[in-house]
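Peer 1: Turn this into a structure:
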Amino acid sequence: MQQRSDAPGGRARRALLALTACATAATLVAGCGTTTSPEGDGGETSAAEGAVAPARSTDPTPVVVEGHVRGVDVEARVGPVAVDGDLAVLRVEVEATGGDEAVMAGFVFANRALTQEDSFDGVRLVDLEAGVVREAARTADGAALASMGEEYMLSPGREPVVGHVAFDAPPTATTSVLVPAVGLVEDVPVVEAADADGLTVPVAELSSGDLAGVVAPSAYLETFSTTAGDAVRTRDAHDVVSVVVDSDVLFDVDSAVIGPGADEALDAVVAQLALAADGELVVVGHTDDQGEEAANQELSERRARAVADRLAEIADLGRFDVRVEGRGESEPLTTEATEEARALNRRVTVEFTPATDAATVQAPAGDGLVPAEGPTIEGLGGAVVLHGDGVGGVQRLHVELRGVRRVGGYLVGELAVRNDGAEQASFVSVLGSVRDGRGDLGLGLLGASNVTLLDGGVRVYPVDYLVDEDLYEISARNVLADAAVGSLASGTTSVVSVVWPDRGSDTVVVDVPEGSTSVTDGSTPIRFVDVPVSG
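Peer 2: Numbers count the residues shown, from 1 in each chain. Sure, this is the predicted structure:
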């Protein structure tokens, strides 16, 4: 993706779920009375209290990027984001400039997890300085406050596809926008609607239904990593860090006696405690759902106590108030009835509050890289992989890493997948998985959810965030990466983006591990080593 400004000379710009709700359409258009946002302190601010006005740009000029959308070369004009009360309307215009395909825009830019309507509601606003993501605002019945003009096809010679979509208004003068298949577009201006120079529509025009109870979700980005052969999984959820250890590497079946093979996993837990603030340290045991519930509860309590006692032997826990709990089978990571799913549920979790300076503490890197499972590419470039299509066939796909750049406290990667086979490749899952160490990823199979970084023995997954459970029925989290590679005709290329936390290195290893499960085929392994980080 190549980015430029539409203005002469260009411009230089720089685990909480928030919901904005308005009681009536009139208050929505005029501005809601209360908002909650992750960037704030978690409390509510009344508009009548005269809070300090957020920063705003006065130049509505869109940011122009060139890209490639599934066989079609495009030019996208992104912005402005025009503030209308507590909501803000993003304008996106995409024009086909070359290529041989014709692509239905809704299949690319809409959030197909929530709707079959054609719009740009799959676009997300991203603040990679604050670590916050915003999804499209929706009415009480789940309809997106979004529209797409009369043109809905991307094809050379046709008019541009133009859309508008509403979000919780960012408090900054610019924002980044993650556009599916186009990439992360930076420095998009945030202006008052009156300064949009006609490049916006009122929020009220984005829905034909009742605007009462509109929700505009925003959430903190969370990080997730694994180490010790994926037996230790760490989630930093902004205000709490959870380190999860597979019980199978700690204990024998039905035992609460720590085994001789547990040292590596427990050492990894101790290393994570360097990121902890003084205060409470909570150790929680969990089991699967096999056997009697009461027995599982008792076993989870004994296992939690055993881990807490061993940690006290190998580390100084004097600065912590250690609390031990057992929760039996009551909090499964996944409800799938397979042995690999039950293994995820058998675990002991160590939770703590991150130190205020945790971002400046070097996260443990562990030992050397795990062996590569597929082709290895030096730096940027690509290779052909043979990928199972989920129904017994094989897709011949060329997977290419085009770049990794630093944005705020994160890294943004761009990959391209080309169908090198003679037949159409449908529902390509070469970069995704329905489940990894996070548990179920019901929406992750067809996107780039399983493209990871390797830092020594630590595998770092794309950042993710909690979603509104009233909107998403099969997934608790969304990954900040493209949700779909798509179905590709022979010779067609699809471009996807993925966002990871920045661990501070000038070069990285990008690794796609095996993502297949007993349920379906998932990502096919490929690795890129010594990849330079730009920016």
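
Peer 1: Which residues does the nearest residue to residue 238 once chain neighbours are set aside form beta bridges with?
Peer 2: Of all residues not flanking residue 238 in the chain, residue 220 sits nearest, at 4.2 Å (Cβ to Cβ, 6 or more residues apart in numbering). Placement of C-beta: from N, CA and C, glycine included. Partner residues in beta bridges with residue 220: residue 132, with DSSP bridges as the criterion.

Peer 1: count of residues packed around residue 220?
Peer 2: The criterion is other Cβ atoms under 10 Å. On that basis, residue 220 has 21 neighbouring residues.

Peer 1: What of residue 288?
Peer 2: The number of residues packed around residue 288, counting by other Cβ under 10 Å, is 18.

Peer 1: Quick one: distance of stretch 200-213 to the chain centre.
Peer 2: In this view, stretch 200-213 has its centroid 27 Å away from the chain centroid, taken as Cα atoms, centre = their mean, to the nearest Å.

Peer 1: So for that stretch, mean pLDDT?
Peer 2: With pLDDT averaged residue by residue, stretch 200-213 scores 87.

Peer 1: now do the same end-to-end measure for that stretch.
Peer 2: Across stretch 200-213, the straight-line distance between its terminal residues is 22 Å, by Cα to Cα, to the nearest Å.

Peer 1: Name the residues of it that are buried.
Peer 2: Buried residues in stretch 200-213, defined by neighbour count with 16 or more other Cβ atoms under 10 Å: 200-201, 203, 206-207, 211.

Peer 1: Which members of those residues occur in helices, if any?
Peer 2: Of these, none are assigned to helices by DSSP state H.

Peer 1: Put together JSON lines for those, with distance to residue 371 on each row.
Peer 2: JSON lines is the format used below for these (distance: Cβ to Cβ, whole Å):
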{"residue": "200", "distance to residue 371": "53"}
{"residue": "201", "distance to residue 371": "54"}
{"residue": "203", "distance to residue 371": "53"}
{"residue": "206", "distance to residue 371": "51"}
{"residue": "207", "distance to residue 371": "52"}
{"residue": "211", "distance to residue 371": "55"}
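
Peer 1: can you give me phi and psi for residue 163?
Peer 2: In this entry, residue 163 is assigned phi and psi values of phi -140, psi 160 (degrees, to the nearest 10).

Peer 1: Check whether it really touches residue 119, as I assumed.
Peer 2: Yes. Taking contacts as Cβ atoms under 8 Å, residue 163 lies within contact range of residue 119: 5.9 Å.

Peer 1: Next, show the common contact partners of the two.
Peer 2: Contact with both residue 163 and residue 119 is made by residues 109, 146-148, according to Cβ atoms under 8 Å, 6 or more residues apart in numbering.

Peer 1: just curious, which of these is nearest to residue 509?
Peer 2: residue 109 (31.3 Å; Cβ to Cβ).

Peer 1: So what's the predicted local confidence for residue 445?
Peer 2: At residue 445, the pLDDT value in this model is 83.

Peer 1: That one: neighbour count?
Peer 2: Residue neighbour count, defined by other Cβ under 10 Å, stands at 26 for residue 445.

Peer 1: go on, residue 128?
Peer 2: With neighbours defined by other Cβ under 10 Å, the count for residue 128 comes to 24.

Peer 1: same check, this time on residue 476
Peer 2: Burial measure for residue 476: 16 neighbouring residues, criterion other Cβ under 10 Å.

Peer 1: Over to the one 3 residues further on?
Peer 2: Other residues within reach of residue 479 by the criterion other Cβ under 10 Å amount to 26.

Peer 1: now do residue 162
Peer 2: Taking other Cβ under 10 Å as the neighbour definition, residue 162 ends up with a count of 19.

Peer 1: Next: residue 514.
Peer 2: The number of residues packed around residue 514, counting by other Cβ under 10 Å, is 14.

Peer 1: Now do the contacts for it.
Peer 2: Residue 514 touches 373, 522-525, counting by Cβ under 8 Å, 6+ apart.

Peer 1: 10 Å - rerun?
Peer 2: 373-374, 433, 450, 521-525 (Cβ atoms under 10 Å, 6 or more residues apart in numbering).

Peer 1: what's the answer for residue 350, then?
Peer 2: Applying Cβ under 10 Å, 6+ apart to residue 350 gives the contacts 232, 234, 241-245, 266, 269-270, 272-273, 276, 281-284, 304, 307-308, 311, 322.

Peer 1: Helices - which of the shared contacts of residue 163 and residue 119 land there?
Peer 2: residue 109.

Peer 1: State the helix or strand in which the nearest residue to residue 321 once chain neighbours are set aside lies.
Peer 2: If the residues on either side of it in the chain are set aside, residue 321 comes closest to residue 280, at 4.9 Å by Cβ to Cβ, 6+ apart. Secondary structure from DSSP states H and E places residue 280 in strand 276-286.

Peer 1: neighbouring strands for that strand, and are they parallel or not?
Peer 2: For strand 276-286, the paired strands and their directions (DSSP bridges) read strand 320-326 (parallel), strand 347-354 (antiparallel).

Peer 1: mean confidence for stretch 320-335?
Peer 2: In this model, stretch 320-335 carries a mean pLDDT of 94.

Peer 1: how about that stretch as PDB, C-alpha atoms only?
Peer 2: Presented in PDB, the C-alpha positions along stretch 320-335 are these (Å, rounded to 0.1, in the frame of the first residue of the first chain):
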ATOM      1  CA  PHE A 320       2.600  -9.700  46.700                       C
ATOM      2  CA  ASP A 321      -0.500 -10.600  48.600                       C
ATOM      3  CA  VAL A 322      -1.000 -14.100  47.200                       C
ATOM      4  CA  ARG A 323      -4.600 -15.300  46.900                       C
ATOM      5  CA  VAL A 324      -5.400 -18.900  45.800                       C
ATOM      6  CA  GLU A 325      -8.700 -20.000  44.200                       C
ATOM      7  CA  GLY A 326     -10.200 -23.000  42.400                       C
ATOM      8  CA  ARG A 327     -12.900 -22.600  39.900                       C
ATOM      9  CA  GLY A 328     -13.300 -26.200  38.700                       C
ATOM     10  CA  GLU A 329     -15.000 -26.600  35.300                       C
ATOM     11  CA  SER A 330     -17.000 -23.300  35.500                       C
ATOM     12  CA  GLU A 331     -14.900 -21.100  33.300                       C
ATOM     13  CA  PRO A 332     -13.900 -23.100  30.100                       C
ATOM     14  CA  LEU A 333     -11.800 -21.400  27.400                       C
ATOM     15  CA  THR A 334     -13.700 -23.400  24.800                       C
ATOM     16  CA  THR A 335     -16.800 -25.600  24.900                       C
END
